[in-house]
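1. quick one: sequence plus predicted model below, questions after.
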Amino acid sequence: MSDYSETEDTADDAWEIVRTVGTDEEAALVAGFLRSRDITVEIESLLFHQEPVTFGRLGEVRIRVPAEEADRALELLDELDEAALDEGEIDEGEIDEGEGAP
């Protein structure tokens, strides 16, 4: 195995997906919210723009944070979701909390 592959695997393990959304715009909003709370954020877009319809994993945009910041990021996103639910801005079915969600 090359040194590059080992470095790449280690780097991926250091980040956790805290939210998966369907558009780049929604990802930018979530990332901006987290950044405003001093959370380091990376957006990983799997969108495939050559087709008019997104489907499966080709329609995902993932918000990733360093593993050591993941718990705080998830708490902040939960608080944001709770506030949006209380205000009636979103329905409970609209929340997608990333790969680790039940």
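-> Structure's in. What do you need? This is a predicted model, so every value here is computed, not measured.

2. max-length helix in this structure?
-> The residue-count maximum for a helix in the chain (DSSP state H) belongs to helix 70-86.

3. and that one, what other elements does it pack with?
-> Helices and strands touching helix 70-86, by 3 or more Cβ pairs under 8 Å, 6 or more residues apart in numbering; DSSP states H and E, are strand 15-21, helix 24-36. Using the backbone N, CA and C atoms, a C-beta is placed for each residue, glycine as well.

4. mind pulling the model confidence for the residue nearest to Thr40 when sequence neighbours are not counted?
-> Excluding the flanking residues, the one nearest Thr40 by Cβ to Cβ, 6 or more residues apart in numbering is Pro66, at 5.5 Å. Note for Pro66: predicted pLDDT of 97.

5. any idea how far Pro66 lies from Glu82?
-> Applying Cβ to Cβ, to the nearest Å, the value for Pro66 to Glu82 is 24 Å.

6. out of these two, which sits in the busier spot?
-> Set side by side, Pro66 and Glu82 show more neighbours around Pro66, with 14 against 11, by other Cβ atoms under 10 Å.

7. quick check, Arg35 in contact with Val41.
-> Yes. Arg35 is in contact with Val41 according to Cβ atoms under 8 Å; the separation is 5.6 Å.

8. between these two, tell me which one has more neighbours.
-> Neighbour count, other Cβ under 10 Å: between Arg35 and Val41, Val41 has more, with 22 against 11.

9. gap between the more buried one and Ala14?
-> Remark: distance between Val41 and Ala14 (Cβ to Cβ) = 14 Å.

10. least trustworthy helix or strand in this structure by mean pLDDT?
-> Every helix and strand of the chain was ranked by mean pLDDT, DSSP states H and E. The lowest is helix 3-13, at a mean of 45.

11. quick check: Ile39 is in a helix.
-> No. Counting by DSSP: H, G, I helix; E, B strand; the rest coil, Ile39 is not part of a helix but coil.

12. circling back to that earlier point, want to throw the helices and strands packed on helix 70-86 into JSON lines with mean pLDDT and distance to Arg72?
-> Output for the helices and strands packed on helix 70-86, formatted as JSON lines (pLDDT from 0 to 100; distance: least, Cβ to Cβ, whole Å):
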{"stretch": "strand 15-21", "mean pLDDT": "94", "distance to Arg72": "10"}
{"stretch": "helix 24-36", "mean pLDDT": "94", "distance to Arg72": "9"}
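
13. please consider this matter closed, and thank you.
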